[in-house]
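need the 3D shape of this:
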Amino acid sequence: MAEAIDVRRLNVFERNLTLWVVLCMGVGLALGKLLPGLIGGLRRLEFGGGSRINIPIAVLIWLMIYPMMLKVDFASVLGVGKRPKGLIITCLVNWLVKPFSMALIGYVFFKHLFLPWIGADLAEQYVAGVIILAAAPCTAMVFVWSYLTRGDAAYTLVQVAVNDLLMLVLFAPIVTFLVTGASSLAVPFNVLLAAVICFIVIPLAAGALTRRTLIRRRGASWFEQSFLPRFHPLAVLALLATLVLIFAFQADNITRRWFHVLLIAVPILIQVYFNASLTHGLMKLFRLPHGVAAPGALIGASNFFELAVATAIALYGPESGAALATVVGVLVEVPVMLSVCAICNRTRGLFDAASAQDCPVPAPGCCANWERFSRASFSLAGQG
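Residues are numbered from 1 along each chain as shown. A predicted model of the protein is given here:
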């Protein structure tokens, strides 16, 4: 009997993610326009005078990131040496290519090609915003994108864990170096460091500590099957509320500069497809299986937009051009990443599967080893 084809299905929220983002954008814009006093009051809630770290945004991001951090088993990093090539390629593209190429692309578009439409001051802000966006590789949503491409779940987990750890030490220096180099804006390093501690270190440490403590006390099975599912609705609600608040803070910016939103999307889109293609091509060049190549390409293409938006707000304020640029990243993230997933799936046949484990449900065009798998299955059928 033929094995059923592995069809990946999302839940209602994930399946209609683009719709929810659009609805949250609309609700946020409406609140920003209809209730400016309330939104202004929420915007002024900060951790200490002059910190620019917004309390409501910070709380929502903690609620959104903490459940994701609970899923990350940092002990898996110890097994990196077993299959290092894919991880090395992902890290090189994420940290040596992506932010630097985005700085170059942003500089060319905003300070030259688009300068007549946006002006010099906003050009500086937009360059800073897209650099901040590119310097934060995606973490939480990568699990969704990897699932859609039948990526190797264990390897995806390792890639996310390593990138989270690298973000702790590389995000702030890279943002400081590139923003000051590609624009005339100053980067208050103490504010940037506070943002890293607030939005990366705290949820990362809380998630790791909770995971270790509960697994030790109640066991991995209880943790994975009973404890983690309780947080999924909380993370979803926190994501939606964060989007509403972000767009409410940016209501005037978006409605007043709607044409700028379209212009900002251009270099972001170029960057997404460039990094996805580069990573996918390098994975193919080094003969890595599709289950490793696809998640690597998706991590390199997508962004940790929650961190980027929060950092831009902390550095330059909620009404800044830098914050607007990161918000545009939110707008394009979902539909663009779904298209990257589709491209990864269509190119599956270009990759070899190292073993049956790398291609658990072989089908015509699934991988370059389809003929070998089909001959083996016919042979087994004949023996039966």
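
okay, now the unreliable bits of this protein?
Within the chain, the segments meeting pLDDT under 70 span 1-18, 48-52, 72-83, 139-140, 352-384.

for whichever helix in it runs longest, packing partners?
Scanning the chain for the longest helix, with DSSP state H as the assignment, gives helix 153-182. Where contact means 3 or more CB pairs under 8 Å, 6 or more residues apart in numbering; DSSP states H and E, helix 153-182 is packed against helix 84-92, helix 98-108, helix 120-134, helix 142-148, helix 189-196, helix 290-301. The C-beta positions use only the backbone N, C-alpha and C, and glycine is treated the same way.

against Ala265, how distant is the residue most central in space within the chain?
Nearest to the geometric centre of the chain sits Cys138, at 2.2 Å (CA atoms, centre = their mean). Shown here: Cys138 relative to Ala265, a distance of 17 Å by CB to CB, to the nearest Å.

again with Thr156
Counting by CB to CB, the separation of Thr156 from Ala265 is 27 Å.

more neighbours: which of those two?
Under the criterion of other CB atoms under 10 Å, the comparison of Thr156 against Ala265 puts Thr156 first, with 23 against 16.

what residues are up against the more buried one?
Under the criterion of CB atoms under 8 Å, 6 or more residues apart in numbering, the contact list for Thr156 reads 142-143, 146, 295.

go with 10 Å
142-143, 145-147, 149, 291-292, 294-296, 298-299 (CB atoms under 10 Å, 6 or more residues apart in numbering).

before we move on, back to that, I figured the residue nearest to the centre of the chain hits Ala301, correct?
Yes - the pair Cys138 and Ala301 passes the contact test of CB atoms under 10 Å, sitting 8.1 Å apart.

domains in the protein, by residue range?
The record's domain split for the chain, according to automatic domain parsing, is 12-349, 352-384.

which of the ones you listed sits most buried?
Neighbour counts (mean count of other CB atoms under 10 Å) averaged over each of these peak at domain 12-349, with a mean of 19.

so which of the helices and strands packed on helix 153-182 gets nearest Ile174?
Counting by CB to CB, Ile174 lies closest to helix 98-108 out of the helices and strands packed on helix 153-182; the figure is 5.2 Å.

what's the angle from that closest one to helix 153-182?
Computed by axes from the mean of the first three to the mean of the last three CA atoms, to 10 degrees, the angle separating helix 98-108 from helix 153-182 equals 40 degrees.

can you name the next helix or strand after helix 98-108?
As assigned by DSSP states H and E, the chain's next helix or strand after helix 98-108 is helix 115-118.

packing partners for that next one?
Contact here means 3 or more CB pairs under 10 Å, 6 or more residues apart in numbering; DSSP states H and E; on that basis helix 115-118 packs against helix 120-134, helix 258-285.

and if we set it to 8 Å?
Applying 3+ CB pairs under 8 Å, 6+ apart, one finds that helix 115-118 makes contact with helix 258-285.

circling back to that earlier point, for the helices and strands packed on helix 153-182, which one sits closest to Val309?
Closest to Val309 of those, according to CB to CB: helix 120-134, at 8.5 Å.
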